[in-house]
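> Build me a structure from this.
(chains A and B)
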Amino acid sequence: MRLKKVVALFLAGIMAAALVACGGGSGTSTAPSDAKSGEPAPSNNTGEKTKLVVWNAGLADSDDSGVYAKADVPFNKFNAAFEKENNVELEISGYGMDQMSQLMTAAAMSGDLPDVIILWAGSSTNDFSEILLNLEDYMTPEDIEKYSALEICRAGMTSEGHLQALPLGLTTYGAYYNKDVFAQAGITEMPETWDEFIAIGHTLKDAGFVPVVLDNTGYSDAWVMSEFLADEMGAAGITDLKDGTVKMADEMPVRLLNEWKRLHDEGLVNEGSATTDSVVIDEMFLNGKAGIRFNGSWNHKNLVNDMGDNVGVFKIPAISADAPFKDDLVSQPGLNATVTIQSKNPELAVKYIQYITSGEFQSEMAAMAGDIPSISTADMSKIDNPLTAESYSWLNEGGDAVIGFDSVISAEAATEFYRSVVSFFSGKMTAEELGAAIDKINLK
Amino acid sequence: MKPKIKNRINKWETISGWLFVMPAALLFATFTLYPIISVFYYSTTKWTGLSTPEFIGLANFQDILQSEAFYSIISNNFKFLFLGVPLWTFFPLIIATLIFQQVRGWRFFRSAFFFPTVLSVVVTGSLFRSLFQYQGVFNIILRNIGLGFLAKDWWGSGATAIPMLTVIINWVGFGSSMLIYLAGMSNISESVIEASLLDGANWWQRFRHVYLPELKRLIQLNVVLNIMYSFTSLFGYIYTITKGGPGYETTVIEYLIYLKAFTSREMGYASALSVLLGILVACISVIQFVVLRKKEKT
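Below you'll find the model as predicted:
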């Protein structure tokens, strides 16, 4: 009997302790700090390292091509240097972007946000404005001025919004082509308009190749639609999509969607594209079964490593030769770094994101991956990738830089586009219905 | 024994009883009861998860019940129910009968059929996803053996994806149902089986008139579990294989709850969906219970 009571008390004690431990929270970032008020970070006089928790969705910490050793990958190298210089321990967790929204929501609810989050720029960041620190309270105007393409990093993605992120390079999208395939099909001139692109597609098809490869992600569709919308709306006009001044179900976007669908209607894309993974279409492109693959500048290094000088890139063609903004180009930070309002060490966290968005860091990242640096202190001479050099030249052709439409509309509406565009292509949905579905989510 | 001592013992037994129950009760209250009650509360609010919940009454339920998408998605659950429940219930029964009758290699098959049950959903989901892609191994084999006309984009439409998912779920899970049936069969009196053999009953007659009646309760249990499964346990497969697509053709209500909660950050709406799902499953369970009891009485 006595033993029974002792065991019962012991178990109850353990249970109570466990519940207290579950509810108590620990680590560096559980309690909201006074960061917004600009109060200094808690000092650490014990000699112990301060810990910063970093969630990373997108910044490469390894090199798929095997050229860089793990420690030499810029992100790892700069992290190690920052830890050493600042007596800091960085606790870095890598996540997929598709997980990040869920993680941020769950962490914000439980008060467990990390200090720093690196994630997609645009609405993916802006949707979380209320949990992101105003960086202007911690940075000098001179430091801020060094960065380009800051509008997308501001609250509401307008120049009036406060700065809530620092950009990590400029991404451009392009039509990447297999030079051997083009040579075999006798194509020497790159297309400048969508009609010319379609004509090239037919030439490739007649020569026995799959003209264009698309995967199931819906991203290629978004990149091309972004360029089409940029041609019609320009840099200033594209933001009209955000508040519904222009709706996706309006005549113009619907016309552009139907133009894009010509690829499918005229049999110019790989069969089963709606459910094909990117790794499969990469293989088709690399092995010379397909002529064109839409992609982005972050992948330049991989493309050159895999294909050498057999890969080329041209701008996604203008929707038509007389489009009002046909020279404008979609180029925006693909990734940005943010600090959350729950950071216990906001000054240190801001210092960290300045460190990993510095000119030196972005130059090295540009050399490793391919995005163009978005800070004036970057050393452009380090960029020797011919694809990046080509896309960099586009930026200097006089057209304005435009934010991709899927970064302008809400992240949820963009997800609806990625998801439903395959139903549109398979004829289960009209362009009007797709546009209306996106508008419904974007404007709610 | 004196009443005083007896009372003291009873009192201590009560206290120690409570102490023994307390750990489980606390866990249950903290991690099950409290969240369930919270879901009812949040279902009446507008809440992003970041903001303060704003009470909006039954507006979420009204939105859901007026939304066409909800009925289209719940119809996907019913497709899984009508396709899946017969397959998930009777396929393992047939296999269990064959193994119980010790067909050639039954020992191997008993282990082999159970093996997929121990694999994680993520592993099996990823495997089947790539296997049945348009450029996947299955279609390549079909093309190479001259059956290219049968090659399809299996995940490209709900009409093919839902039956495929049902078969995959069966492949993964029938091993455990088979074991349950085998356990039931081992309780059938040998004299009954021997009598049927002496009477000259063939395989089908034994299955129909001996095994089926003897396993009636287990079959009922499996039917109940499988019906619940088709409403509450498909998430892993949908997430890893189709992500609810193409479009929303394979989206089921659980997956919709996930999308609403963590993609749209409409926690209130997702909570209302959860409440409706709970009510739906409870209703189905009650109907089953009533029907089965009626049958037993007759």
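> count of neighbours near the closest residue to chain B within the stretch 251-400 of chain A?
The stretch 251-400 of chain A approaches chain B most closely through A:Gly272 (2.3 Å), counting by CB to the nearest CB. The way it works is simple: take the backbone N, C-alpha and C, and place the C-beta from them, glycine included. By other CB atoms under 10 Å in any protein chain shown, 20 other residues sit near A:Gly272.
> Quick check, it in contact with B:Trp154.
No - with contact defined as CB atoms under 8 Å, A:Gly272 and B:Trp154 do not form a contacting pair (9.1 Å).
> Pull up the overlap in contacts between these two.
Common neighbours of A:Gly272 and B:Trp154, counting by CB atoms under 8 Å, 6 or more residues apart in numbering or on different chains, are B:133-134.
> Going by contacts, tell me the helices and strands next to the helix or strand where B:Ile37 lies.
Using DSSP states H and E, B:Ile37 falls within helix B:34-42. The contact analysis (3 or more CB pairs under 8 Å, 6 or more residues apart in numbering or on different chains; DSSP states H and E) places helix B:34-42 against helix B:267-297.
> What is the helix it packs on packed up against?
Packing partners of helix B:267-297 (3+ CB pairs under 8 Å, 6+ apart): helix B:34-42, strand B:45-46, helix B:59-66, helix B:216-232, helix B:253-258.
> tell me how far that helix is from the chain's mean position?
14 Å (CA atoms, centre = their mean, to the nearest Å).
> mind listing what's buried in it?
Residues of helix B:267-297 classed as buried: B:267-277, B:281, B:284 (neighbour count, 16 or more other CB atoms under 10 Å in any protein chain shown).
> excluding its backbone neighbours, what's nearest the residue of the stretch 251-400 of chain A closest to chain B?
B:Tyr134 (2.3 Å; CB to CB, 6 or more residues apart in numbering or on different chains).
> any idea whether that neighbour is helix, strand or coil?
State at B:Tyr134, reduced to three classes by DSSP: H, G, I helix; E, B strand; the rest coil: coil.
> Likewise for A:Asn295?
Of the three states, A:Asn295 takes strand under three-state DSSP.
> next one: A:Val54
Judged by three-state DSSP, the three-state class of A:Val54 is strand.
> pretty sure the residue nearest to A:Gly272 contacts A:Val269?
No - between B:Tyr134 and A:Val269 there is no contact under CB under 8 Å: 11.7 Å.
> A:Ile316 belongs to a strand?
No - per three-state DSSP, A:Ile316 lies outside any strand segment and is coil.
> who are the neighbours in contact with it?
A:173-175, A:223-224, A:227, A:294, A:330.
> A:Ala411 now?
By CB under 8 Å, 6+ apart, A:Ala411 lies in contact with A:101, A:122-124, A:127.
> Among the contacts of A:Ile316, which ones are in strands?
A:173-175, A:294, A:330 (DSSP state E).
> List just the nearest of those residues to A:Ser343.
Nearest to A:Ser343 among the ones in strands among the contacts of A:Ile316, counting by CB to CB, is A:Val330 at 32.2 Å.
> can you list the residues of the stretch 101-250 of chain B near chain A?
Contact residues, the stretch 101-250 of chain B versus chain A (CB under 8 Å from any CB of the partner chain): B:130, B:133-135, B:153-157, B:243-249.
> farthest pair in the residues you listed?
B:Gln135 and B:Tyr248 (24.1 Å).
> just so I have it, where are all the helices in the stretch 51-200 of chain A?
Here the stretch 51-200 of chain A has its helices, by DSSP state H, counting those that start in this stretch, at A:74-86, A:97-110, A:123-126, A:141-145, A:179-184, A:194-206.
> confidence score at the residue in the stretch 101-250 of chain B that chain A sits nearest to?
In the stretch 101-250 of chain B, the residue that lies nearest chain A is B:Tyr134 (2.3 Å; CB to the nearest CB). The per-residue pLDDT reported for B:Tyr134 equals 86.
> can you check B:Thr32 too?
Looking at B:Thr32, the pLDDT reads 92.
> Are we agreed that it is in a helix?
Yes - looking at B:Thr32 with three-state DSSP, it is inside a helix.
> Now for it, how many residues are close by?
For B:Thr32, the count of nearby residues is 10 (other CB under 10 Å).
> can you give me the helices for the stretch 251-400 of chain A?
According to DSSP H, counting those that start in this stretch, the helices that the stretch 251-400 of chain A contains are A:251-265, A:278-286, A:300-307, A:346-355, A:359-368, A:386-395.
> Save the ones you listed as CSV, and put in distance to chain B, mean pLDDT and mean neighbour count too.
Listed next are the helices of the stretch 251-400 of chain A as CSV, based on distance: least, CB to the nearest CB, whole Å; pLDDT from 0 to 100; neighbours: other CB atoms under 10 Å in any protein chain shown:
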stretch, distance to chain B, mean pLDDT, mean neighbour count
helix A:251-265, 13, 96, 18
helix A:278-286, 5, 92, 18
helix A:300-307, 19, 90, 20
helix A:346-355, 18, 96, 22
helix A:359-368, 29, 89, 22
helix A:386-395, 26, 89, 17
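> Could you dump the ones you listed into CSV and include distance to B:Gly175?
Converted to CSV, these look like this (distance: least, CB to CB, whole Å):
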stretch, distance to B:Gly175
helix A:251-265, 42
helix A:278-286, 31
helix A:300-307, 42
helix A:346-355, 50
helix A:359-368, 47
helix A:386-395, 51
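> for the chain, what are the low-confidence residue spans?
As the question left the chain open, I've gone with chain A. Within chain A, the ranges that satisfy pLDDT under 70 run A:1-47.
> other chain: chain B
Along chain B, segments meeting pLDDT under 70 span B:1-3, B:298.
> centroid residue for it?
B:Tyr229 (1.7 Å; CA atoms, centre = their mean).
> Contacts only, for it.
Counting by CB under 8 Å, 6+ apart, B:Tyr229 makes contact with B:84, B:88.
> how far away is it from B:Val223?
Going from B:Tyr229 to B:Val223 by CB to CB, to the nearest Å gives 10 Å.
> what about B:Arg143, which helix or strand?
B:Arg143 belongs to helix B:137-144 when assigned by DSSP H and E.
> Contacts for that helix next, please.
Applying CB under 8 Å, 6+ apart, the external contacts of helix B:137-144 come out as B:130-133, B:148, B:150-152, B:154.
> One more: stretch A:220-231?
By CB under 8 Å, 6+ apart, the surrounding residues in contact with stretch A:220-231 are A:173, A:194, A:214, A:238, A:241, A:253, A:256-257, A:259-260, A:293-296, A:315-316, A:318-320, A:323-326, A:328-330, A:402, A:404-406, A:414, A:417-418, A:421.
> Return the members of the residues you listed classed as buried.
Here, 16+ other CB under 10 Å leaves A:173, A:194, A:214, A:238, A:241, A:253, A:256-257, A:259-260, A:293-296, A:315-316, A:318-319, A:323, A:325-326, A:328-330, A:402, A:404-406, A:414, A:417-418, A:421 buried among those.
> can the lengthiest helix in chain B be found next to chain A?
Longest helix in chain B, counting residues (DSSP state H): helix B:68-100. No - remark: helix B:68-100 sits outside contact range of chain A, by CB under 8 Å from any CB, the gap being at least 9.4 Å.
> and that helix, what does it pack onto?
The contact analysis (3+ CB pairs under 8 Å, 6+ apart) places helix B:68-100 against helix B:106-114, helix B:158-185, helix B:216-232, helix B:253-258.
> let's see 10 Å
Secondary-structure packing of helix B:68-100 (3 or more CB pairs under 10 Å, 6 or more residues apart in numbering or on different chains; DSSP states H and E): helix B:59-66, helix B:106-114, helix B:158-185, helix B:203-206, helix B:212-214, helix B:216-232, helix B:253-258, helix B:267-297.
> Out of these, the one nearest B:Val21 is which?
Closest approach to B:Val21 among the helices and strands packed on helix B:68-100 (CB to CB): helix B:267-297, 25.5 Å.
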